[in-house]
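Student: The following comprises the amino acid sequence and a computationally predicted model.
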Amino acid sequence: MQAQFVPVIGRNRMTFTFPLINAARNVMFFITGADKARAVQAVLSDDVERKARYPAARVQPTRGQLIFVLDNPAAKGSP
């Protein structure tokens, strides 16, 4: 995989698709801040419609682990 130059932003960039991410052995989200608590609650909920609004909900490793590392403010109200 090679980074491609994107003239609009003036730098190299790589795009990781969901199939690529989901093929990883381990995927970790590091989430901080109270402003993320609502999104964390949605992604970790069983409510399919609610979680569908967040791309992070599509990360589901097929052969590995999905790990969330949250600070206390981001974890507030999470299951």
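Tutor: Here it is on my side, so go on.
Student: C-alpha from now on. contacts and neighbour counts both.
Tutor: Fine.
Student: in the longest helix along the chain, what counts as buried?
Tutor: Determined from DSSP state H, the single longest helix within the chain is helix 37-44. Buried residues in helix 37-44, defined by neighbour count with 16 or more other Cα atoms under 10 Å: 37, 39-44.
Student: swap in stretch 8-23?
Tutor: Buried, per 16+ other Cα under 10 Å, within stretch 8-23: 21-22.
Student: So which residues lie in contact with that stretch, not counting its own?
Tutor: 2-6, 27, 58-64 (Cα atoms under 8 Å, 6 or more residues apart in numbering).
Student: And that stretch, end to end?
Tutor: Distance across stretch 8-23, first residue to last, is 30 Å (Cα to Cα, to the nearest Å).
Student: what pLDDT, on average, does that stretch get?
Tutor: In this model, stretch 8-23 has a mean pLDDT of 95.
Student: Stretch 55-63 too?
Tutor: Mean predicted confidence for stretch 55-63 is 96.
Student: Centre of the chain to it, how far?
Tutor: How far stretch 55-63 lies from its chain's middle: 8 Å, per Cα atoms, centre = their mean, to the nearest Å.
Student: For that stretch, C-alpha coordinates in CSV please.
Tutor: C-alpha atoms of stretch 55-63 as CSV (Å, rounded to 0.1, in the frame of the first residue of the first chain):
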residue,chain,number,x,y,z
PRO,A,55,-19.0,5.0,11.0
ALA,A,56,-17.1,3.5,13.9
ALA,A,57,-20.0,1.1,14.4
ARG,A,58,-19.0,-0.6,11.1
VAL,A,59,-15.6,-1.6,12.5
GLN,A,60,-16.1,-5.3,13.4
PRO,A,61,-12.8,-7.3,13.0
THR,A,62,-13.6,-10.7,11.5
ARG,A,63,-10.6,-12.5,13.2
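Student: Compute the distance from the centre of the strand or helix carrying P19 to the centre of its chain.
Tutor: Assigned by DSSP states H and E, P19 falls within helix 18-22. Averaging C-alpha positions (Cα atoms, centre = their mean) puts helix 18-22 11 Å from its chain's average.
Student: Next, the buried residues of whichever helix or strand comes after it.
Tutor: Moving toward the C-terminus from helix 18-22, the next helix or strand (DSSP H and E) is strand 26-31. By neighbour count with 16+ other Cα under 10 Å, strand 26-31 contains the buried residues 27, 31.
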